[in-house]
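Colleague: Sequence below, structure please.
(4 chains)
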There are 2 protein chains.
Amino acid sequence: MTATDVAQVRDFNRFYTRILGLLDKGILNSEFSLPEARVLYELQHHQPCSASEIILALDMDKGYLSRILKSFSRKGLIILQATESDARVSLIKLTSKGKLEFDKINTASSNQIKQLLEQLPDTKIKSVITHMQAIKQILNTVN
Amino acid sequence: MTATDVAQVRDFNRFYTRILGLLDKGILNSEFSLPEARVLYELQHHQPCSASEIILALDMDKGYLSRILKSFSRKGLIILQATESDARVSLIKLTSKGKLEFDKINTASSNQIKQLLEQLPDTKIKSVITHMQAIKQILNTVN
DNA sequence: GGAATTAGTTGATTTTGTCAACTAATAGAT
DNA sequence: ATCTATTAGTTGACAAAATCAACTAATTCC
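Modeller: Sure thing, here's the model as predicted:
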């Protein structure tokens, strides 16, 4: 490992931070904030789950999550279901309204990537994906 | 381009967002915030430059940048140099104190990547870098 | 010359996020 | 069984990051 290696990784990180930043901005047209969108995503994909699970998955502050969930509850996007094993824990489920909202955000996010990829020929798309998967595979082996 | 392509890119983006988030947290031990660190970086690498150039490079709000620069000026990290061609524009330069501060942050950032890469054999490091550079090259051709 | 635009500052506010204190429940030690 | 320590989640208070509007002085454009 050389200093050049480090510099090159950092260069990529600066580059990709920019890409992700541009994608994140696309969400701002939505009724939901970025953190809210992330919570919705987590609720849809690990359904049903507890607050603690979301906190872990998103590395989110419990106070902040509590507020977001409260807001979701008021808007009818989630229901809380008591658990028998631990009275302090509720399982959070998306309502059908919540699922509709998730679908809207999900579609918008996918459309953003679509717009990005549409500018590339299919071979380049496949190439990017292969590289991405390779990176993920390698970095998944470290902390 | 298929829906699977889109899903795979999104998967990588979620993955890499996490990696970057963990790296960003490492900066929090520093006297400077993340946005400030970014401005310092930009000042060092595009030296001298105007406020507008930083705004563009970092996609940062001019009001926010103005405050950061004001803080830097008070701390003696930068000097402003009037330009002859346009009286509204100043060129911002790091002082030697500013450069020292940049060096500290820069070293800390590199050490973070080093810690990440140290967990990998050299072949994997080279592989990751090759993949990163390939992605960057391809995505640099789109908006 | 005058209107429109721009560079950067400042005021005010919102959003995101953090930390502490709390209550009720559970786990662990005695 | 009892008591202490820990935990799940809520709420209060606050800080940091970010945004938006209004502004002044300078420049550009018609």
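Colleague: Tell me how many other residues surround the closest residue to A:Lys104 other than its chain neighbours.
Modeller: If the residues on either side of it in the chain are set aside, A:Lys104 comes closest to A:Ser30, at 7.3 Å by Cβ to Cβ, 6 or more residues apart in numbering or on different chains. C-beta here means a position set from N, CA and C on the backbone, and glycine is covered the same way. Residues near A:Ser30, counting by other Cβ atoms under 10 Å in any protein chain shown, number 16.
Colleague: cool, and A:Arg74?
Modeller: Neighbours around A:Arg74, by other Cβ under 10 Å: 9.
Colleague: Also A:Leu34?
Modeller: Other residues within reach of A:Leu34, judged by other Cβ under 10 Å, total 12.
Colleague: and if you look at A:Asn111?
Modeller: Neighbour tally, A:Asn111, other Cβ under 10 Å: 12.
Colleague: before we move on, what SS does it have?
Modeller: Following DSSP: H, G, I helix; E, B strand; the rest coil, we place A:Asn111 in the helix state.
Colleague: Let's see the pLDDT reported for it.
Modeller: Looking at A:Asn111, its pLDDT reads 90.
Colleague: who's in contact with it?
Modeller: Contact analysis of A:Asn111 by Cβ atoms under 8 Å, 6 or more residues apart in numbering or on different chains lists nothing.
Colleague: Now do the same for the residue in chain A that DNA strand C sits nearest to: helix, strand or coil?
Modeller: In chain A, no residue comes nearer to DNA strand C than A:Gly63, which is 2.6 Å away by Cβ to the nearest atom of the strand. Classification of A:Gly63 using three-state DSSP returns helix.
Colleague: gap between it and A:Lys70?
Modeller: 11 Å (Cβ to Cβ, to the nearest Å).
Colleague: A:Arg18 now?
Modeller: Here the criterion is Cβ to Cβ. By it, A:Arg18 lies 34 Å from A:Lys70.
Colleague: who touches the residue nearest in space to the middle of chain A in this structure?
Modeller: The structure's chain A has its C-alpha centroid closest to A:Arg38; by Cα atoms, centre = their mean the separation is 4.4 Å. By Cβ under 8 Å, 6+ apart, the contact set of A:Arg38 is A:Leu58, A:Met60.
Colleague: Now A:Ile79: which helix or strand?
Modeller: strand A:78-82 (DSSP states H and E).
Colleague: who does that strand pair up with?
Modeller: strand A:90-94 (antiparallel) (DSSP bridges).
Colleague: now the partner strand: mean pLDDT?
Modeller: For strand A:90-94, the mean pLDDT works out to 94.
Colleague: same thing with stretch A:135-143?
Modeller: On average, stretch A:135-143 scores 90.
Colleague: Any chance you could list what contacts that stretch?
Modeller: With contact meaning Cβ under 8 Å, 6+ apart, stretch A:135-143 is reached by B:11-12, B:15-16, B:19, B:116, B:119-120, B:124, B:127-128, B:131-132, B:135.
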